[in-house]
Structure formats: structure tokens, C-alpha cells
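**Q** predicted model and sequence below, questions to follow.
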Amino acid sequence: MFIYEKKLEFPVKIKQTNPALAKLILTQFGGPDGELAASLRYFSQKFSMITPQATAVLNDIATEELAHLEMIGAMCLQLSEDADPEQIKKSGFDTYYVDHGTGIYPSSAAGVPFTAAYIQSKGDPITDLSVYTGGHC
Amino acid sequence: MKKDSILRQLTVLDFAAVDLQLYLDTHPEDAEALEQYNNVVMQADGLRAQYEEEYGPLFSFRSLGGKEYRWIDEPWPWENKFNFKMCKED
């Protein structure tokens, strides 16, 4: 099960509004190699592991990825929440803004909504673990 | 600010705890690492008790509620004003 702890894994204190950067970083939230995909990938694959070490690692990393997800969300929020209309338009954040405002929506930088197609879970530990040779780290 | 100072120390200890636990997952026989892990967790537990005493619960449905229900107190962790610089100097 899960318990929420009311602090970030590492503090996020953004000094400057930068909606263009928020749009790029958002892909680490809900993009193909983002934290949500990583967490779901580890979480789903933990059920197929055949050694206690591998089970524990996937279980614990799945949990940590959720902490990363929260930090990335905090970064996107703080980078975009105070943007004025001109900044929004000039930065290219406008294409995101028309659909989501400054809400945090799990999608890639190009605007593709999060999909479970980003993860694989095949019931075979070697096949499952091979995905970590690329992508999220 | 005292709150920031406690959170800063907690962040350091928790970061070590997470990494030591991941290491121990694949090296469960490493007694030295286990001792380090226990040491870090004990220190963090002390700081958590101190934090909760003064600033309210850290955990959903695991922390005591105290006399007032403070779980919903703002700011939330993703807000700029909750956070702090890891290095004291700016």
C-alpha cells in the first residue's frame, strides 16, 4: 500500500517563470520516458520477478518514481503559474495553455496524452528488464 | 527558519535512506550498509517527531492528529513557499 508524506523528496524552489521550459519538462511528467511511465512500468513488472532482490528493487524504485513525479509536477507548476498572457504567447506555451491552462496534464512535450502503450509487461523477467537499457534512468 | 532547517536535514537523511535501501535490496548480507541504514533511519525518525510536534502531521493516516486537525494546513509540498534552498547561502 502507499502512504503520502507531506514533503518533496528534494525541494523545488523555482525563481523565474519560464513557461517554455515548463512545456519541455512536462514530458518528464507524462511523456514516453517520464516518471509516470517509469513508475507504472516498475510497478507492473514487479509482479513477474523471480528473485527477492529483483522484486524488492522494482517495488522500491516504483515507489521512488512517484516521488520524482511529484517533483516534476512541482517544477512545471512553479515555472508556469505566474506567466502573463504575453509570456504565454511568446514562449510557445499557448498551444498547451488553450487546452489545460496552467494545470498539470500528463502528456509529452509534443502534447501526446499519457498512454499505457509506453510500458511493457510480458511476464518474463529478462524481457521486462531489457527495457531499462534505454529510456528512463 | 527552523522548519526549513529540519526539512533540509530530513531531506539529506531520507536521500541516504532511499539509496541505502536500494543497495541493500541487492546486497542484503552487507552488515555495514545495514548498520548505516539503521543509523540514518533512526536519526530521521527523531527529526520527524520534532517536525510533527511543531508543524503538524507528515504522513497521511499514519501520523497522530494531535488536538487540532492540521493535515490540510497549507502550504502543500509542491508550492514554492513550502520549499527551501538545500544550501543555506543564496
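**A** Cool, got the structure.
**Q** could you count how many residues lie near residue 6?
**A** In the absence of a named chain, this looks at chain A. The tally of other residues near A:Lys6 (other CB atoms under 10 Å in any protein chain shown) stands at 19. All C-beta atoms are positioned from the backbone trio N, CA, C, and that covers glycine.
**Q** hmm, I had chain B in mind actually
**A** Residues within reach of B:Ile6, counting by other CB under 10 Å, total 17.
**Q** please apply the same query to B:Arg48.
**A** 19.
**Q** so it touches B:Leu10, yeah?
**A** Yes. If you go by CB atoms under 8 Å, B:Arg48 and B:Leu10 touch, sitting 6.9 Å apart.
**Q** where do the helices sit along chain B?
**A** B:2-26, B:31-55 (DSSP state H).
**Q** what is the mean pLDDT for the longest helix along chain A?
**A** Longest helix in chain A, counting residues (DSSP H): helix A:52-80. Taken as a whole, helix A:52-80 has a mean pLDDT of 98.
**Q** got the contact list for the residue most central in space within chain B?
**A** Nearest to the mean C-alpha position of chain B, by CA atoms, centre = their mean, lies B:Leu10 at 3.9 Å. Residues in contact with B:Leu10 (CB atoms under 8 Å, 6 or more residues apart in numbering or on different chains) are A:7, B:44, B:47-48, B:51.
**Q** quick check: closest non-adjacent residue to A:Gly34.
**A** Excluding the flanking residues, the one nearest A:Gly34 by CB to CB, 6 or more residues apart in numbering or on different chains is A:Gln28, at 4.9 Å.
**Q** hang on, that neighbour packs against A:Ala38?
**A** No. A:Gln28 lies out of contact with A:Ala38 (CB under 8 Å); the separation is 9.6 Å.
**Q** now for the helix or strand containing A:Lys89, which elements pack on it?
**A** Per DSSP states H and E, A:Lys89 falls inside helix A:85-91. Using 3 or more CB pairs under 8 Å, 6 or more residues apart in numbering or on different chains; DSSP states H and E, the elements in contact with helix A:85-91 are helix A:19-25.
**Q** pLDDT of the helix it packs on, averaged?
**A** Here the average pLDDT along helix A:19-25 is 97.
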